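> what's the 3D shape of this:
(one chain, ligands or ions: 2)
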Amino acid sequence: LQSKLPNVGTTIFTTMTQLALQHNAINLAQGFPDFNCPQELMNLVTEAMRQGHNQYAPSAGIPALRQKISQKTQHLYGHLPNPDTEVTVTSGATEALFAAIAAVVQPGDEVLVVEPCYDSYVPAIELSGGVPVYASLTYPDFALDWQQIEDKLTSKTRLLLLNSPHNPTGAVWQQEDLDALTRLAQKHSFLILSDEVYEHMVFDGQPHLSLLSVPALAERAFVISSFGKTYHTTGWKVGYCIAPPALTAEFRKVHQYLTFSTATPFQHALAAFLDNHEHYLTLPSFYQQKRDLFAQLLQPSKFELIPCAGTYFQLARYANISDKPDVEFAQWLTKEVGVATIPISVFYHDHTDHRLVRFCFAKKEETLISAAERLCQL
Ligand code: PMP
Ligand code: GLN
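Ligands and ions are numbered 1, 2, ... in the order given. From the prediction side, this is the model:
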């Protein structure tokens, strides 16, 4: 059988989580919280089930949830998407990313991705017959290099894929990035796919600069978010995509045959819980405390931390500890030290190795303390 994805193996998240389980290591690798979502939200799910919301949801998502997403988007970013024609509920952001790419990328189209990048982007591009074109964030600041991005644009560039707050680096867009993107968008006709799943994890008083806040960008963009990140429910797999009507129409054609619809009781629960603005408004300080605690705990260690402005990931340079390549170091750390982590080279198509690993700090205080104790022994 000729593989359609010859360069793809098992994702690093599965690999490292399995290794962590095998060696009974503390899992700071795959990004997920080790604490529960609010009790009230769980109650709303069981309530929805008891009320009989257990059959297929409408393909685009239940109207109440689309409406709440739309209102929240206006409140936060000053953009009011029409819930009927511009908001689609998906089975996680992963499905939304795949559906958006499949909806607009034709064989031979170029799709610009900026590395290091989340691992689901490129396989989705390749399955659509698209050609990934790679730009990279600057090193060691992990900022967008707009000159480099402009140099890589061609008449075949169909889509530009961006992500802020950025997984795995923790970098976030600044206003000048949105300005530069707006200038490029005036000169070129590419569409934009903006992965904003960590929109509520931006620290140090900075706002999240959603692409939706700029009308000239929103009119040509798919903007994707995930309730899994915001509500500590990665296992529920509920996300959404906001895009103008023409793009949403194409998006929904794919979505209806990819999954058709997303789990109904979760949609009802989230629709009811979205009125709780407190939860997402306090999320930055909730995660900033964890970021700061983890950094403080690692202060005596030999790891050098890269500043983290957003997401629940902390990058650390380990060159003072080992000269192993990062994949080997991550395996060794899991097996021998008992802390699982993610090597960063897997997010570059050419496996660029800056001797960096990523720790997820979406963990209980005691988990972070135990992990840091082990890491400080090195
Ligand atoms: N994009 C990024 C940048 C992510 O980190 C993740 C989650 N790991 C996703 C998309 C996928 O989100 P979901 O779990 O909602 O499919
Ligand atoms: N987004 C999560 C991370 O970056 C992993 C999601 C997954 O396992 N596919 O760790």
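
> how many other residues sit next to the closest residue to ligand 1 within the stretch 1-150 of the chain?
Nearest residue of the stretch 1-150 of the chain to ligand 1, counting by Cβ to the nearest ligand atom: G92, 2.7 Å away. From N, CA and C alone the C-beta is placed, and that goes for glycine too. Summarising burial for G92: neighbours were counted as other Cβ atoms under 10 Å, giving 23.

> Name the nearest residue to it, sequence neighbours excluded.
Spatial nearest neighbour of G92, excluding adjacent residues (Cβ to Cβ, 6 or more residues apart in numbering): K237 at 3.9 Å.

> Over to whichever residue of the stretch 101-250 of the chain sits closest to ligand 2. Which of the three states is it?
Per Cβ to the nearest ligand atom, N167 is where the stretch 101-250 of the chain lies closest to ligand 2, at 5.1 Å. Three-state assignment for N167 (DSSP: H, G, I helix; E, B strand; the rest coil): coil.

> correct me, but it touches Y121?
No. Contact criterion Cβ atoms under 8 Å: N167 and Y121 do not qualify, at 10.8 Å.

> Helices of the stretch 51-200 of the chain, start to end?
For the stretch 51-200 of the chain, applying DSSP state H, counting those that start in this stretch gives helices covering 63-77, 92-104, 121-127, 146-152, 175-187.

> how about these, which one is nearest H268?
helix 63-77 (7.4 Å; Cβ to Cβ).

> list the buried ones in the closest one?
65-70, 73, 76-77 (16 or more other Cβ atoms under 10 Å).

> And those residues, which is closest to F266?
Closest to F266, out of all of these and judged by Cβ to Cβ, is L65, at 9.2 Å.

> who's in contact with the closest one?
89, 267-268, 270-271, 274 (Cβ atoms under 8 Å, 6 or more residues apart in numbering).

> at 10 Å instead, please
57-58, 83, 87, 89, 227, 238, 240, 262, 266-272, 274 (Cβ atoms under 10 Å, 6 or more residues apart in numbering).

> Could you find the closest non-adjacent residue to D353?
That would be S345: by Cβ to Cβ, 6+ apart, it lies 4.3 Å from D353.

> Oh, that last question was meant for P140, not what I typed.
I306 is the one closest to P140 (Cβ to Cβ, 6+ apart), at 6.8 Å.

> Same check on Q186?
The shortest distance from Q186 to any non-neighbouring residue, by Cβ to Cβ, 6+ apart, is to A216 (7.3 Å).

> what do you get for S301?
C376 (4.5 Å).

> Was I right to think P168 contacts V357?
Yes. With contact defined as Cβ atoms under 10 Å, P168 counts as touching V357 (9.3 Å).

> and stretch 42-50, which residues are buried?
Buried-residue list, stretch 42-50, by 16+ other Cβ under 10 Å: 44-45, 48.

> Residues contacting it, please?
Contacts for stretch 42-50 (Cβ under 10 Å, 6+ apart): 36-38, 53-54, 62, 233, 236, 263-273.

> Distance from that stretch to the middle of the chain?
27 Å (Cα atoms, centre = their mean, to the nearest Å).

> From G31, how far off is the residue in the stretch 101-250 of the chain that ligand 1 sits nearest to?
Going by Cβ to the nearest ligand atom, ligand 1 is nearest to S226 of the stretch 101-250 of the chain, at 3.2 Å. Using Cβ to Cβ, to the nearest Å, we find S226 at a distance of 11 Å from G31.

> Parallel or antiparallel, list what pairs with the helix or strand where A316 lies.
Applying DSSP states H and E as the criterion places A316 in strand 313-317. Neighbouring strands of strand 313-317 in its sheet, by DSSP bridges, are strand 304-305 (antiparallel), strand 356-360 (antiparallel).

> Please tell me I have it right and F303 contacts C376.
Yes. The pair F303 / C376 is scored as a contact, 8.9 Å apart, by Cβ under 10 Å.

> ok, those two, which is more surrounded?
Shown here are F303 and C376; by other Cβ under 10 Å, F303 has more neighbours (24 against 14).

> Quick check: bridge partners of the residue nearest to the more buried one when sequence neighbours are not counted?
Nearest residue to F303, sequence neighbours excluded (Cβ to Cβ, 6+ apart): A316, at 4.1 Å. Beta-bridge partners for A316, by DSSP bridges, are L305, V357.

> 43 is where my numbering starts, stick with that
Happy to do that; since the first residue is 43 now, the last one works out to A358.

> Count the neighbours of A358 for me.
A358 - counted by other Cβ under 10 Å - has 22 other residues nearby.

> do the same with the one 5 residues further on
Here the number of neighbours of I363 (other Cβ under 10 Å) works out to 19.

> Against D193, how distant is it?
Distance from I363 to D193, by Cβ to Cβ: 37 Å.

> ok, V175 - contacts?
Contacts for V175 (Cβ under 10 Å, 6+ apart) come out as 152-155, 167, 191, 194-196, 198-199, 202.

> Look at N66 and report its pLDDT.
For N66, the model assigns a pLDDT of 97.

> Identify the residues contacting it.
Applying Cβ under 10 Å, 6+ apart, the residues near N66 are 376, 380.

> on that earlier part again, give the helix, strand or coil label for the residue nearest to D395.
Under three-state DSSP, S387 comes out as helix.
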